[in-house]
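A.B. asks: heads up, no residue letters with this:
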């Protein structure tokens with residue numbers, strides 16, 4: 001698990017993009033382009049995709065299936081998940097985020113990938129709801145003693161936790 005802790009959101013996104021089928025780096029990059037299916041959640045440039053694939057390959061999470069000569073440019077490389085890569089990606093998808101700010105990126109990516117894979121998103125949402133509730137209670141417990149800038153920051157985090165819980169409740173209703 002030590003290597004997995006060193007994966008960035010971009011690494012996880014590229015890994016999860018390979019869950020449905022092997023793919024080429026340029027296709028993964030298109031998914032995260034501004035006009036791509038997931039570009040409104042997380043943007044990854046083509047060079048970042050290739051760096052992530054190299055890193056994931058070095059970690060033993062993806063492997064090269066084959067290289068094909070392209071009509072223009074260098075050979076195209078087809079990547080697929082290894083067994084460790086598949087189990088790691090699935091585990092990541094169902095693991096709730098532990099910081100409020102990751103709700104904007106990682107959590108929404110996880111929800112999107114689960115929906116793309118036609119998987120039940122409820123287990124993730126229910127686990128995330130518990131984490132956010134705990135965060136909210138802990139933040140509210142700090143409020144009575146907070147003053148000045150600390151009070152402002154704390155209030156912001158409390159309101160973000162409340163909004164995040166409303167977001168999850170709405171998704172669970174839908």
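C.D. replies: Happy to help now that I have it. This is a predicted model, so every value here is computed, not measured. Numbers count the residues shown, from 1 in each chain.
A.B. asks: Do a quick rundown of the helices in the protein.
C.D. replies: For the chain, the helices defined by DSSP state H cover 9-17, 25-31, 46-58, 83-93, 106-116, 122-142, 148-173.
A.B. asks: Excluding chain neighbours, what is closest to the residue most central in space within the chain?
C.D. replies: The centroid of the chain falls nearest to residue 106 when counting by Cα atoms, centre = their mean (3.4 Å). Nearest in space to residue 106, with sequence neighbours left out and distances taken as Cβ to Cβ, 6 or more residues apart in numbering, is residue 97 at 5.1 Å. All C-beta spots, glycine's among them, are computed from the backbone N, C-alpha and C.
A.B. asks: Same check on residue 111?
C.D. replies: Nearest non-adjacent residue to residue 111 (Cβ to Cβ, 6+ apart): residue 121, at 5.6 Å.
A.B. asks: Might you report the residue contacts of that neighbour?
C.D. replies: Residue 121 makes contact with 111, 114, 115, 171, according to Cβ atoms under 8 Å, 6 or more residues apart in numbering.
A.B. asks: residues near the spatially closest residue to residue 129 that is not a sequence neighbour, how many?
C.D. replies: Spatially, and ignoring its direct neighbours in sequence, residue 129 is nearest to residue 168 (4.9 Å; Cβ to Cβ, 6+ apart). Counted with other Cβ atoms under 10 Å, residues neighbouring residue 168 total 24.
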